[in-house]
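In: Provide a 3D model corresponding to the input given below.
(one chain, ligands or ions: 1)
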Amino acid sequence: MSINSEEFYSVLASRMKASAIREILKIIQRSNVISLAGGMPDPATFPTEELNEAAKQIFAKDSARALQYSSTEGLQELREFILNWLAEDNKKADLDNIMITSGSQQGLDLMSKVLLDPGDIVIVELPSYLAALNAFRSYGGEMVGIPMDDKGMRMDILEETLNQLKTEGKKVKFIYTISNFQNPAGVTMSLPRRKRILEIARKFEVFILEDNPYDKLRFEGEPIPSIYSLGNEGYVISLGTFSKILCPGLRLAWILGDKEIIEKLVIMKQATDLCTTILNQLIAYEYCRQNDIDKNIESNVQIYRKKRDVMLESLDKYFPSEASWTKPEGGFFVFVTLPEYINTDEMFLEAIEEKVAYVSGAPFFANGKGQNTMRLSFCYPKEKDIEEGIKKLGQVIKKKIKN
Ligand SMILES: Cc1ncc(COP(=O)(O)O)c(C=O)c1O
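Out: This next block holds a predicted model:
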């Protein structure tokens, strides 16, 4: 007789569903489908030789430390480096305000652990990052979505919604926003809205969780100060990561926030993994010490800018006039909206038959809408595959258009 594990799963484990994206990626990796689906960085952007050199030096001079346990807050030298590197945007932060995490995904998980009880409300953008929604959901968070336009989350609707929730006696714990080149929409929140969201957070006494992985991947236009840097009363917690600007394989990211909340997050992290791998932190720090990370990012920006241009030009050329899409100034993603009668989930298998993949938009929408939308990423495929993929996808969509 074998055990029926279903009967033993916690409420949390039962609530978690396999990510559609990960399942799709598994199929795609085995075939010759052009993938516009995953958000993986282009390996050509990884400074492989420099990281190899840094790793060799760490093993040669510091192996006892590199192979040992370390502090939960993270390597002090790396935290200091990040603070200095980001000083322009985060003048107020010092060592008590920063901790290292194993990817920003861990930051999302820890924030949920620290702030959410079942039934608590999290305000999210419509659409928003799927793995964040899953993290909030797994701790019993209930998502309320706020629509976006080309300037980011709509502040009028946010305020209205918070008023409504307050009247209903609902507890809102935080507003989750991806302020730059949003995943999946590619939209950036304007400066006036960043200032406004702070006023609103203060008025309703809720935290803002600013997730900022694409911040430095700006292709054009002026950088906008982060919400974290504009705020000054501890309302904002900010997540940054090396994943998109160095490489995701090291699994290194950081959280910036008030000392009190960092202390709580550190306690939670101890129960999760004791510490982020010190070996990787030392390698990253050695890399940053010996190389100019901004220069590497600048050459990565050129690679991604070109790919973005190829995608936007191809969309103009091959997509029907009934489709519309966002025009990101940075990051990895373009978000497409098709006529309401086209269901991108149903269209997916037809696209795979034509050897092109995308991510259908509905799972990104906390309100169950978005069936006629899709996310396209230009980060990973080669330029010629981006054009070819958009051409194939354009043909699939055109067959669905009603005259
Ligand atoms: C908005 C957003 N947040 C967090 C993450 C997770 O990043 P990390 O690799 O640092 O865990 C991603 C990765 O795609 C992302 O797009």
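In: residues from the stretch 101-250 of the chain in reach of the ligand?
Out: By the rule CB under 6 Å from any ligand atom, the part of the stretch 101-250 of the chain lying against the ligand is 103, 104, 105, 129, 178, 183, 211, 213, 241, 243, 248. Every C-beta, even on glycine, is put in place using the N, C-alpha and C of the backbone.
In: next, count neighbours for the nearest residue to the third one once chain neighbours are set aside.
Out: What it means is residue 105. Leaving aside its sequence neighbours, residue 105 sits nearest to residue 131 (CB to CB, 6 or more residues apart in numbering; 6.1 Å). Burial of residue 131 is recorded as 16 neighbouring residues (other CB atoms under 10 Å).
In: now residue 131: how far from residue 81?
Out: Residue 131 sits 27 Å away from residue 81, going by CB to CB, to the nearest Å.
In: next one: residue 61
Out: Taking CB to CB, one finds residue 61 at 18 Å from residue 81.
In: need the strands for the chain, in chain order.
Out: Listed in chain order, the strands of the chain (DSSP state E) span 34-35, 98-101, 121-126, 142-149, 152-153, 172-177, 207-211, 236-241, 253-256, 324-325, 333-337, 356-357, 359-360, 373-377.
In: partner strands of the last one and their direction?
Out: Using DSSP bridges, the strands paired with strand 373-377 in its sheet are strand 333-337 (antiparallel), strand 359-360 (antiparallel).
In: nearest to the ligand, out of those?
Out: Checking those against the ligand by CB to the nearest ligand atom gives strand 333-337 as the closest, at 8.5 Å.
In: what does that closest one contact?
Out: For strand 333-337, the surrounding residues in contact (CB atoms under 8 Å, 6 or more residues apart in numbering) are 39, 127, 181-187, 308, 311-312, 315, 319, 323-328, 361, 372-378.
In: ok, the closest residue to the ligand within the chain - contacts?
Out: The minimum distance from the chain to the ligand, using CB to the nearest ligand atom, falls at residue 103 (2.7 Å). Counting by CB under 8 Å, 6+ apart, residue 103 touches 241, 243, 248, 251, 252, 253.
In: what of residue 129?
Out: Counted by CB under 8 Å, 6+ apart, residue 129 has contacts 178, 183, 184, 211, 364.
In: now do residue 206
Out: Here residue 206 is in contact with 123, 162, 172, 173, 174, 175, 235 (CB under 8 Å, 6+ apart).
In: may I see the ChimeraX selection of the buried members of those?
Out: Of those, the buried ones go into a single ChimeraX selection, burial set by 16 or more other CB atoms under 10 Å:
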select :123,162,172,173,174,175,235
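In: quick one: low-confidence ranges for the chain?
Out: Confidence mapping of the chain against pLDDT under 70 gives the ranges 1, 15, 17-25, 27-30, 91.
In: any chance you could map the helices in it?
Out: Here the chain has its helices, by DSSP state H, at 11-15, 20-29, 48-66, 76-85, 104-115, 130-138, 155-167, 191-204, 227-230, 259-273, 278-290, 293-318, 344-353, 383-400.
In: what does stretch 393-403 contact?
Out: 36, 315, 317-320, 322-323, 338-339, 341-342, 347, 350-351, 354, 356, 358, 376.
In: recalculate using a threshold of 6 Å.
Out: For stretch 393-403, contacts defined as CB atoms under 6 Å, 6 or more residues apart in numbering pick out 318, 319, 320, 322, 342, 350, 351, 354, 356.
In: in it, what counts as buried?
Out: 393, 394, 395, 396, 397, 400.
In: tell me who's in contact with residue 332.
Out: Residues near residue 332 by CB under 6 Å, 6+ apart: 39, 377, 379.
In: tell me the one of those nearest residue 95?
Out: Closest approach between the contacts of residue 332 and residue 95, by CB to CB: residue 39, at 31.2 Å.
In: now for that closest one: which residues touch it?
Out: Neighbours of residue 39 in contact, by CB under 6 Å, 6+ apart: 332, 377.
In: now with 8 Å?
Out: Contacts of residue 39 (CB under 8 Å, 6+ apart): 183, 332, 333, 377, 379, 380.
In: how about residue 187?
Out: Applying CB under 8 Å, 6+ apart, one finds that residue 187 lies in contact with 148, 149, 150, 151, 152, 181, 326, 328, 335.
In: again, but for residue 123
Out: By CB under 8 Å, 6+ apart, residue 123 lies in contact with 143, 144, 145, 146, 158, 161, 162, 172, 174, 175, 176, 206.
In: and the first one, how many residues sit next to it?
Out: What it means is residue 143. A count of nearby residues for residue 143, using other CB under 10 Å, gives 18.
In: quick one: the residue nearest to residue 105 and residue 108 touch, right?
Out: Yes. Contact status for residue 131 versus residue 108: in contact at 7.2 Å, counting by CB atoms under 8 Å.
In: about what we covered before: who wins for proximity to residue 192 among the strands of the chain?
Out: Of all the strands of the chain, it is strand 152-153 that lies closest to residue 192, at 10.0 Å by CB to CB.
In: packing partners of the closest one?
Out: Helices and strands touching strand 152-153, by 3 or more CB pairs under 8 Å, 6 or more residues apart in numbering; DSSP states H and E, are helix 191-204.
In: next, the buried residues of the helix it packs on.
Out: 193, 194, 196, 197, 198, 200, 201, 204.
In: for the third one, give me its contacts.
Out: Contacts for residue 196 (CB under 8 Å, 6+ apart) come out as residue 155.
In: can you check residue 121 too?
Out: 141, 142, 143, 144, 165, 170, 171, 172, 173.
In: what would the residues you listed look like in JSON lines with distance to residue 26?
Out: Formatted as JSON lines, these follow (distance: CB to CB, whole Å):
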{"residue": "141", "distance to residue 26": "27"}
{"residue": "142", "distance to residue 26": "30"}
{"residue": "143", "distance to residue 26": "26"}
{"residue": "144", "distance to residue 26": "32"}
{"residue": "165", "distance to residue 26": "38"}
{"residue": "170", "distance to residue 26": "38"}
{"residue": "171", "distance to residue 26": "38"}
{"residue": "172", "distance to residue 26": "36"}
{"residue": "173", "distance to residue 26": "34"}
